[in-house]
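Asks: using only what follows, build the 3D model:
(chains A and B)
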Amino acid sequence: MKKDSAKSLRVFAIELAIYAVFVAAYFFLVLHLLGTWLYRLETQHRVLYAVVAILLIAGQAVVLDAVTTLLFRLLRRRWR
Amino acid sequence: MFFPISNSHINPLYLVIVGFLIGILGGFFGVGGSFIAGPALRLMGVDWNYAVGTDLAHIVGKSIVAARHHRTLGNVDLKLGFFMAFGTIGGAEAGAQAIQALKRAGSVNTVVSWVAIVVYFSISIFMLWESQKALRSHKTQARRVTDAKEADHSAFGPVTKKIQRIRIWPMISLPTSGIKEISLWTILFVSLVGGFFSGFLGGGAGYIRMPSMVYILGIPTHLAVGTDLFEIVISASYGTFTHAIKGNVDILIALVMHTGAVIGAQIGVVATQYFAGPKIRLAFVPLPLIGVAIVLYTLLTGHKL
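Replies: Alright, predicted model coming up:
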């Protein structure tokens, strides 16, 4: 039982580390490349901004969920 | 880091950690965690109108992930979720309009802060009283319960039954939730009130809707958590849209917060499998009080971190 939870914790820590690298790269892409464009959109075309905002957050949710699920699966298989 | 849309400087790591914590709360309790997210953004100097709108946007993403996981665990009543979405959307629009009126009057920060304090505090006290009573009666009966879902009973049960007996046409059945008959108007009323607080205080207002679903509608806690999340996807999307049009959403902040929430939500969903209903509700008690403390701090001192 203790062995299992230690293994789960290790898998989770590795996943977190890999995820942190992804997120850092993602921050650079989104905040630096999309930041100015989104700011302009928010001030000039509010309706379009609202649609883009929902699409961005929903898209990010689906992609990040797929990434974390894949990471969990790969790491668990590796540590089994 | 500077976020130009809301004109605020916030450390992205702070946003990721806040997102992670409320991700766990969302997966475990089925609440959006706005009683933490809203005050946490206020603490960094973000105006309430932006805190409300941005939190709604972040909740859309988080709820999509958590609701999907709950669906695979069989914790979602789709029929109830769709009905509730109608009431919530109406309430969310009314809440957003109230925020606009306060924004024009220049008193949005003060009024929303005090309403938040009263609402969060009341919820904590009520859930503390109810969950302790339910746990005590459970121990007295000394029933042998092997399944966590079987252990889900509420001290508010007799009141719930009376509410379910209200016969105002149309009456509907919710077989997934184990409810033979309930008035559609009861469901719409609960979702309308939840929707108003969602539009007014931000988030999905799960802190109102989740307890209401358990105590007023009589939905089992595990199903209330999953259905609430499913319904939040629909209503928070609408809330985000209407707040974004009104200039209250900083999507960049929401995107950063959400990266932490994805991991947190997975942990929260798995954790629900190991606890019975009253225990989940008892663990919920201190959370709104943290929000109260933060709002009181920013309100009384005018300080931010």
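Asks: any weak-confidence spans in chain A?
Replies: Applying pLDDT under 70 to chain A picks out residues A:1-9, A:76, A:78-80.
Asks: near chain B, which residues of it?
Replies: A:15-16, A:19, A:23, A:26-27, A:30-31, A:34-36, A:38-39, A:42, A:46-47, A:49-54, A:56-58, A:60-62, A:64-65, A:68, A:72 (Cβ under 8 Å from any Cβ of the partner chain). Every C-beta, even on glycine, is put in place using the N, C-alpha and C of the backbone.
Asks: report the buried members of those residues.
Replies: Neighbour counting over the residues of chain A next to chain B (16 or more other Cβ atoms under 10 Å in any protein chain shown) leaves A:15, A:19, A:23, A:26-27, A:30-31, A:34-35, A:38-39, A:42, A:49-50, A:52-54, A:56-58, A:60-61, A:64-65, A:68 as the buried ones.
Asks: so which of those residues sit within helices?
Replies: Secondary structure assignment by DSSP state H places A:15, A:19, A:23, A:26-27, A:35, A:38-39, A:42, A:49-50, A:52-54, A:56-58, A:60-61, A:64-65, A:68 of those in helices.
Asks: mind telling me what element the closest residue to residue B:233 other than its chain neighbours is part of?
Replies: Nearest non-adjacent residue to residue B:233, counting by Cβ to Cβ, 6 or more residues apart in numbering or on different chains: residue B:63, 4.7 Å away. Here residue B:63 sits within helix B:48-72, counting by DSSP states H and E.
Asks: what residues of the helix or strand just after that helix count as buried?
Replies: Reading on from helix B:48-72 to the C-terminus, the next helix or strand found by DSSP H and E is helix B:78-105. By neighbour count on 16+ other Cβ under 10 Å, the buried set for helix B:78-105 is B:79-81, B:83-93, B:95-96, B:98-100, B:102-103.
Asks: what residues does chain B have near chain A?
Replies: Proximity of chain B to chain A is assessed by Cβ under 8 Å from any Cβ, with B:1, B:4-5, B:12, B:16, B:57-58, B:60-62, B:64-65, B:68, B:237, B:240-242, B:244-245, B:247, B:249, B:251-252, B:254-256, B:258-259, B:262-263, B:266 identified as the residues in range.
Asks: now the buried members of those.
Replies: Neighbour-count burial (16+ other Cβ under 10 Å) is assigned, among the residues of chain B next to chain A, to B:1, B:5, B:12, B:16, B:57-58, B:60-62, B:64-65, B:68, B:237, B:240-242, B:244-245, B:247, B:249, B:251-252, B:254-256, B:258-259, B:262-263, B:266.
Asks: take these and keep only those in helices.
Replies: Counting by DSSP H, those contribute B:12, B:16, B:57-58, B:60-62, B:64-65, B:68, B:237, B:240-242, B:244-245, B:251-252, B:254-256, B:258-259, B:262-263, B:266 to helices.
Asks: kind regards, and thank you for your time.
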